[in-house]
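Asks: This is a predicted model, with the sequence first.
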Amino acid sequence: MTIQLFLAIFFIDIILEAGIDFPSKIGPISFKNAFIYSMLIWAIVNKSKEAGIRRDKSVEQITLWFIIFGSYAILSASFPMLMGRSDYPAMLALNTIKNEVLDAFSCFFIFWFFTKNSRRPMLGLKISVVFIGLMCAATLLESIIGGLTIFDFDDDSARPNGPMGEPNQTATILALCLPIVASMVLFKGFIRLIALGVCFLILVTIALTGSRGGMLSAFVACSHMFWLMRSNIALSNRVLILAAAPVVMFFAWFIMPEYYQSLLLERLSFFQEKDVDWDTASAGRTIIWGRGIDLWYQSPIIGSGWSSFKLTLGGASHNVYLEYLVSLGIVGVIIVLLMYRKLYFHFMKFRKLFIRSEESLLAAGAASGIVGLCAGLFFVNLYVPWLIVWCMLGYVAGIKTKQLIEYRVNQITLQQAQQAQQAPEAVK
């Protein structure tokens, strides 16, 4: 229980750092770095002592893909120097790789390892889900009450930033969380009511951010979730969910301030236009993407080195895939896609094995969240909020492994009981 509370506190700290720039330092010592790398060492040491029954080969394969991607990202920092670019800040690039890649993947491994070895593996996830709901409620209050500033507002459009960075980052990460939280609505007990309330707050917050990429991500994630859950939900309940969806959307719309209603309609109005100016409709993204493609042409196979897009063009790409394409080339993008594919099927395979359990519902939610995330990453960059993504997925992966271990133990116990029963008969 203690370790689950510690994980939840760290998860809360990451959200506060992304949302309000919460200082997680004591003097020169970073609490985040101290936690990540002390816990990582602890996890690796204890992992090496585990017996075969406690191993999860699927997670080990995912970890291998993480190592391949991280190694290639580190190697990419040498590409510009090999190409004769003396102005490339290799040390700055390596520090960025540490923050965006190594820290994120370390969080996944830490949350997976300590959750699977916990007596109450779902405790940390439930606490984190409640906190996400509170942060969404705070975003709503910030939008309704004039003069109240919690996460602040976007400088260009006055949209609320939300608890996870800027509006598009918040919406994309909440779209990942949405199906995971929605799966908990089918749990037993009081948690299902809490999860239902958090789902509603997440939907309202995504609408408040006005992020079109976030809305698309949430729609893709929920559609995938509904398709997966068709065998877990009776036909009458499926009809009820479809009927309830517009009601929920109406209430979400009703409690939004009028300004944000108008802003949301304005941001979606391009769907009705015949001759769409995509440069304007995309808030300049298509212009940035065009420049990124031109930069990618300079080194299309292996890329131009980590952070080349930002260092060369002086801003964000607003597209994670384009960022990887420029930095790591086609090779790097293929590695990333294969890594996401492995992660997706990791949860899908478990869901099919334990299709009626609460853990399988979470696995379906995580798989759907990954699909939605992959859609949302086409319109946003994630920096500090990346850690939130991998902590959430680490939680669910740990819960999944915990049940897999219990299943193996039960199977061995059953086999031993059968063998003990058959032994006297063999003597006779």
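Replies: In hand now; what should we look at?

Asks: Which stretches in the stretch 51-200 of the chain count as helices?
Replies: Assigned helices in the stretch 51-200 of the chain, in chain order: 57-76, 79-82, 90-97, 103-116, 123-144, 167-183, 191-209 (criterion: DSSP state H, counting those that start in this stretch).

Asks: In JSON lines, list these along with mean pLDDT and distance to Asn46.
Replies: All C-beta atoms are positioned from the backbone trio N, CA, C, and that covers glycine. Formatted as JSON lines, these follow (pLDDT from 0 to 100; distance: least, Cβ to Cβ, whole Å):
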{"stretch": "helix 57-76", "mean pLDDT": "87", "distance to Asn46": "14"}
{"stretch": "helix 79-82", "mean pLDDT": "70", "distance to Asn46": "36"}
{"stretch": "helix 90-97", "mean pLDDT": "82", "distance to Asn46": "26"}
{"stretch": "helix 103-116", "mean pLDDT": "88", "distance to Asn46": "7"}
{"stretch": "helix 123-144", "mean pLDDT": "88", "distance to Asn46": "18"}
{"stretch": "helix 167-183", "mean pLDDT": "90", "distance to Asn46": "26"}
{"stretch": "helix 191-209", "mean pLDDT": "88", "distance to Asn46": "29"}
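
Asks: if I pick Leu176, what's in contact with it?
Replies: Going by Cβ atoms under 8 Å, 6 or more residues apart in numbering, Leu176 touches Ser217, Ala221, Gly369, Ile370, Gly372, Leu373, Gly376, Val389, Met392.

Asks: circling back to that earlier point, so of the helices of the stretch 51-200 of the chain, which one's packed in deepest?
Replies: helix 167-183 (a mean of 28; mean count of other Cβ atoms under 10 Å).

Asks: how big is the angle separating that one from helix 191-209?
Replies: Relative orientation of helix 167-183 and helix 191-209, computed by axes from the mean of the first three to the mean of the last three Cα atoms, to 10 degrees: 160 degrees.

Asks: Pull the distance from helix 167-183 to the chain's centre.
Replies: Chain-centre distance of helix 167-183: 8 Å, with Cα atoms, centre = their mean, to the nearest Å.

Asks: can you offset everything so residue one is 2?
Replies: Fine by me, first position is 2 from now on; the one you just mentioned is helix 168-184.

Asks: Tabulate the CA atom coordinates of it in PDB.
Replies: Taking only C-alpha atoms (Å, rounded to 0.1, in the frame of the first residue of the first chain), the coordinates of helix 168-184 have been written out as PDB:
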ATOM      1  CA  PRO A 168      -4.800  23.100 -24.300                       C
ATOM      2  CA  ASN A 169      -3.800  20.600 -27.000                       C
ATOM      3  CA  GLN A 170      -1.500  18.600 -24.700                       C
ATOM      4  CA  THR A 171      -4.200  18.500 -22.000                       C
ATOM      5  CA  ALA A 172      -6.900  17.300 -24.500                       C
ATOM      6  CA  THR A 173      -4.600  14.600 -26.000                       C
ATOM      7  CA  ILE A 174      -3.600  13.100 -22.700                       C
ATOM      8  CA  LEU A 175      -7.100  13.200 -21.300                       C
ATOM      9  CA  ALA A 176      -8.200  11.400 -24.500                       C
ATOM     10  CA  LEU A 177      -5.700   8.600 -23.500                       C
ATOM     11  CA  CYS A 178      -7.100   8.600 -20.000                       C
ATOM     12  CA  LEU A 179     -10.800   8.600 -21.000                       C
ATOM     13  CA  PRO A 180     -11.200   5.000 -22.100                       C
ATOM     14  CA  ILE A 181      -9.200   3.800 -19.100                       C
ATOM     15  CA  VAL A 182     -11.400   5.600 -16.700                       C
ATOM     16  CA  ALA A 183     -14.500   4.600 -18.700                       C
ATOM     17  CA  SER A 184     -13.600   0.900 -18.300                       C
END
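
Asks: export the helices of the stretch 52-201 of the chain to CSV and tack on distance to Lys401?
Replies: Formatted as CSV, the helices of the stretch 52-201 of the chain follow (distance: least, Cβ to Cβ, whole Å):
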stretch, distance to Lys401
helix 58-77, 9
helix 80-83, 37
helix 91-98, 28
helix 104-117, 8
helix 124-145, 11
helix 168-184, 12
helix 192-210, 18
